[in-house]
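Visitor: structure of the sequence below:
(2 chains)
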Protein chains: 2
Amino acid sequence: MQDAGQRRRRAGGRAGRAQRTGGAVLAQSPWRIPLNTDRPTEPLDEAGVGAVHDGAMRILEEIGIAFLHPGAREVLKKAGCSVTDETVRMGRDFVMEMVAKAPASFTITPRNRDRQVTIGGRNMVFVNVSSPPSYWDITTGKVPGTRARCRDLLKLTQSFNCIHIAGGYPVEPVDVHPSVRHLDILYDKLTLTDKVPHAYSLGAERVEDVMEMVRIAAGRSREAFAATPHMYTNINSTSPLKHDYPMLDGWMRCARAGQALVVTPFTLAGAMAPVTMAGAVALSLAEALSAVALAQAIRPGAPCAFGTFTSNVDMKSGAPAFGTPEYMRATQMAGQMARFYGLPLRASGSCAANVPDGQAMWETSNALWSAVQAGANMVYHAAGWLEGGLIASPEKFVMDCEIIQQIQRYFEPEICATTPDDIAVDAIAEVGGGGHYFGIPHTEARFATAFYQPFLSDWTNYEAWTQKGAVWTPERAHALFRRIVDGFEAPPMDDGIREELEAFVARRKAEGGAPTDF
Amino acid sequence: MQDAGQRRRRAGGRAGRAQRTGGAVLAQSPWRIPLNTDRPTEPLDEAGVGAVHDGAMRILEEIGIAFLHPGAREVLKKAGCSVTDETVRMGRDFVMEMVAKAPASFTITPRNRDRQVTIGGRNMVFVNVSSPPSYWDITTGKVPGTRARCRDLLKLTQSFNCIHIAGGYPVEPVDVHPSVRHLDILYDKLTLTDKVPHAYSLGAERVEDVMEMVRIAAGRSREAFAATPHMYTNINSTSPLKHDYPMLDGWMRCARAGQALVVTPFTLAGAMAPVTMAGAVALSLAEALSAVALAQAIRPGAPCAFGTFTSNVDMKSGAPAFGTPEYMRATQMAGQMARFYGLPLRASGSCAANVPDGQAMWETSNALWSAVQAGANMVYHAAGWLEGGLIASPEKFVMDCEIIQQIQRYFEPEICATTPDDIAVDAIAEVGGGGHYFGIPHTEARFATAFYQPFLSDWTNYEAWTQKGAVWTPERAHALFRRIVDGFEAPPMDDGIREELEAFVARRKAEGGAPTDF
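Guide: You can find the predicted model right below:
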């Protein structure tokens, strides 16, 4: 089906090339889609799941959600919902009927079909940090995002095999005018990466332009593009209880165009959501499920994922906190609810730390492991996030990828294999007491691939590490970042496709791009 | 029973005092024994558990373990084991019969009975770093351990409520002669802390002296001391397949004296153990269970815990690695086996990093979360460990305690409560769309205790953090370390007891302490 839609055949060997990308400077694990083999951690019992569900349903039935887009209200009214001014109330039978139409998993195919990802089941894919307005590295400090910095972070996104999706702009390029920013940055993303792309739902032109550019880059006909997801959008509700116009507009356009949909309420307990975590999750679900119902009413079977982004505020300052114990439990509860509704789950890597230090790593580790424990299928902001999402950092990106690659290795079932060769009683008898296992055949046959091999961790002792310059992790990460970017080789793209993309960008710029009055 | 054994009644108010210790400089969670509420992560299926068990039993039956202590061999021979030279082979029926005599959980009561801990069940207690020869802080770099540095780390051990046990020397005080080191450092430990103490099994005198000092400090009669554990020892086998004389000697002395026992083989896959993780775990179990069998043959019902310390070497250098994916899975497998045998589990916090940076935190987070996932009851080296255990660091200690305190908060079931007040539909209706939850009664009533409050994390934004001096985590940790140590107030001790301890130390020093020819 996808072959039929391709207008041009590409030269082969992309997968091999993808494996090699950055190979000289970055000895990493190969591209693959990790399968989460762990049983999820489930803090709620059956009654607890029922209580959160009932809460979400009561919010939708009794309180309602404001849909600020008349077209969305019209769709929902026709589907039988109660509409009063901007507020839409929907009964639980309708919600559950609509949610049941959403697939339990779906596939997104970018221009390089070897980078296809399936969202759902036991799959767990990771996405770069998206949308920080600022950039930080150890040489610049905190500075505004620019196109050049955005390009550097896109190169990291492409280079790391453990990053599967090129999400939102890895840093907001404020030096590019908002009216044409999507054109320039999508051009960069589609030429510097060959991974699944994303469109911001920020006005009709941006969504339509991005869909067209993704179609061109993939070399698909309009029919083939619409037949299966090639990209996705992620919308955030304006918690509490509101979906804004541009988000709904993009959501409905992508639904109609057959592209994938992720809805992620940002429910900060104690600020935009109840101070109680189960209440914050219930609110988040109500907002998300109402968007899923809208998508299903527009296009039954539209691929939708539920995004959880429930955290809490700092009790002292009201500032958002991330990777906290409450954040972890909310993510796990969201995972239970996603399975209850049969929807794929999106979670996030996140931290409140301002620099890539110890705090950044314990907060991010907490967030990433809670995504594992929740059975999350897609982890946004998995690499590069600092300062509660206000800063993108290349050092943090590289450091996070070391954690993510370890998570991927952690899932490999061979670590826990228990065949007689693994239990190794014969080898134990051979070595006996007081000997060692270096160099025996059982070790030699397995040594090269037996253990995780880091690209950033330094496992030498203190004296050897000192002789190498006593370099702390962020400095090592910075050096690796520079080597990756300096040695970067863009994935191949057909010249004709590149010219078509360039022509599209030029034409749309000449037409003025997108309005900036939103 | 314990009251009867107390020769002196102490003035009350210790618990209150303990809560306040360091309160001015350290706003931390109260002392408590965390209950791990999560279902363990179990990578092995039933057949896998059976295969590892069978491997361990075959090692004990067919290969045997060298017991380098004639007294230990005698006990085991009398119990029916086959003894050839130094090698003891034991049948699985005997092993399982002995292991079944060990209690599933046991209690250790230090001199302050409010600091009593139970090892087993869902309890999870944390222990300071033990035994590094070197010390590192940001002002000294790597330097030898000294008594002064050891005292500083003991003050941290006492001050942090999330550390439950004062394990081995938090750094080896190499400026104190080995013959009297145990006397000086146990005096320091017993006067600077009131938590469960530990004895090294390094020769008869050391174990006997420490038991006597712990008895004196607790104000117990000899009978009361022997009636219930007041301390414990931890022994390491000399993998592969060997128990050394001094370790066995201390093990048997503590068993006879009714004190608690932890056996922890250090099975580094690819070096002292098979390169395959299940094989390394099977070897570890064989070594540990043989020591448990010995203890049970000596004193049926002796309180024993199985310690897991299975990690892997670096494929490039052969150096030990910690907090790796393989380490995590080995810890989880060990947890499954501990439950299979009905023994409490000891695990560890650990890392290979040389300084308290990002790598240190992701490795330690991996180790600590795998202890949670394994259902570990006791976590050694939980705070302060660097360089694979060769360095103790006060900054790392403080940073690790922030993670541990978060783990403790993570276990609190109220985070995931789902009563109608928690689902909060009324509050959601009250706030409606576009409002916020600051200041409403539902928030006000819960705000002060709703969320985890860190003592080290900085959650302010980049600009506020910069105004405060842009202090990275290790520097913040160092400042807190200094404040804790400078403001430290030792827990109360009866003057008579202190004098008795001092007299004991003086007498044993006059007698020459312990021989140093081992």
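
Visitor: per-residue confidence at residue A:23?
Guide: pLDDT for residue A:23: 52.

Visitor: meant to ask about residue A:447
Guide: 89.

Visitor: over to residue A:321?
Guide: Model confidence at residue A:321 (pLDDT) stands at 97.

Visitor: so what sits opposite it in the bridge?
Guide: residue A:312 (DSSP bridges).

Visitor: residues in contact with it?
Guide: Counting by C-beta atoms under 8 Å, 6 or more residues apart in numbering or on different chains, residue A:321 touches A:311-314, A:327, A:352, B:451-452, B:459. C-betas here are computed from N, CA, C, even on glycine.

Visitor: elements contacting the lengthiest strand in chain A?
Guide: When chain A is parsed with DSSP state E, its longest strand is strand A:378-383. In this structure, strand A:378-383 packs against strand A:125-128, strand A:345-348, helix A:358-374, helix A:394-410, with contacts taken as 3 or more C-beta pairs under 8 Å, 6 or more residues apart in numbering or on different chains; DSSP states H and E.

Visitor: the residue of the stretch 201-350 of chain A at minimum distance from chain B: what's it in contact with?
Guide: Here the residue of the stretch 201-350 of chain A nearest chain B is residue A:279; by C-beta to the nearest C-beta that distance is 3.3 Å. Counting by C-beta under 8 Å, 6+ apart, residue A:279 makes contact with A:55, A:269, A:273, B:422-425, B:427-428.

Visitor: which pLDDT value goes with residue A:371?
Guide: For residue A:371, pLDDT reads 98.

Visitor: returning to that earlier point: looking at the helices and strands packed on strand A:378-383, which is closest to residue B:389?
Guide: Checking the helices and strands packed on strand A:378-383 against residue B:389 by C-beta to C-beta gives helix A:358-374 as the closest, at 18.6 Å.

Visitor: who touches residue A:398 in this structure?
Guide: Here residue A:398 is in contact with A:156, A:383, A:456, A:477, A:480-481, A:484 (C-beta under 8 Å, 6+ apart).

Visitor: what pLDDT does it get?
Guide: pLDDT at residue A:398 comes out at 98.

Visitor: excluding its backbone neighbours, what's nearest it?
Guide: Leaving aside its chain neighbours, residue A:398 sits nearest to residue A:477 (4.0 Å; criterion: C-beta to C-beta, 6 or more residues apart in numbering or on different chains).

Visitor: is it true that the one you found touches residue A:395?
Guide: Yes. Using C-beta atoms under 8 Å, residue A:477 is in contact with residue A:395, at 4.0 Å.

Visitor: excluding chain neighbours, what is closest to residue A:285?
Guide: residue A:56 (4.0 Å).

Visitor: so which strand or helix has that neighbour?
Guide: Residue A:56 is part of helix A:46-58 when elements are defined by DSSP states H and E.

Visitor: what sits against residue A:379?
Guide: Counted by C-beta under 8 Å, 6+ apart, residue A:379 has contacts A:124-127, A:346-349, A:368, A:371, A:404.

Visitor: can we see that at 10 Å?
Guide: A:124-127, A:163-165, A:345-349, A:367-368, A:371-372, A:404, A:407 (C-beta atoms under 10 Å, 6 or more residues apart in numbering or on different chains).

Visitor: measure it to residue A:422 for me?
Guide: Separation of residue A:379 from residue A:422 (C-beta to C-beta, to the nearest Å) stands at 30 Å.

Visitor: next: residue A:415.
Guide: When residue A:415 is compared with residue A:422 (using C-beta to C-beta), they lie 10 Å apart.

Visitor: okay, and the common contacts of these two?
Guide: B:276-278.

Visitor: let's have those residues in JSON lines, adding distance to chain A and pLDDT.
Guide: Below are the shared contacts of residue A:415 and residue A:422 laid out as JSON lines (distance: C-beta to the nearest C-beta, whole Å; pLDDT from 0 to 100):
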{"residue": "B:276", "distance to chain A": "4", "pLDDT": "98"}
{"residue": "B:277", "distance to chain A": "6", "pLDDT": "98"}
{"residue": "B:278", "distance to chain A": "5", "pLDDT": "98"}
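
Visitor: pick the one among those residues closest to residue A:72.
Guide: residue B:277 (52.7 Å).

Visitor: now do the domain split for chain A, please.
Guide: By the assignment in automatic domain parsing, chain A contains the domains A:4-39+A:100-411+A:499-509, A:414-449.

Visitor: quick one: distance of the longest one to the chain centre.
Guide: Spelled out, that is domain A:4-39+A:100-411+A:499-509. Taking C-alpha atoms, centre = their mean, to the nearest Å, one finds the center of domain A:4-39+A:100-411+A:499-509 at 3 Å from the center of the full chain.

Visitor: dump the residue contacts of the residue lying closest to residue A:129 once chain neighbours are set aside.
Guide: Spatial nearest neighbour of residue A:129, chain neighbours left out: residue A:384 (3.5 Å); criterion: C-beta to C-beta, 6+ apart. Applying C-beta under 10 Å, 6+ apart, we find residue A:384 in contact with A:128-130, A:132, A:135, A:153, A:156-157, A:163, A:170-171, A:349, A:356, A:391-401.
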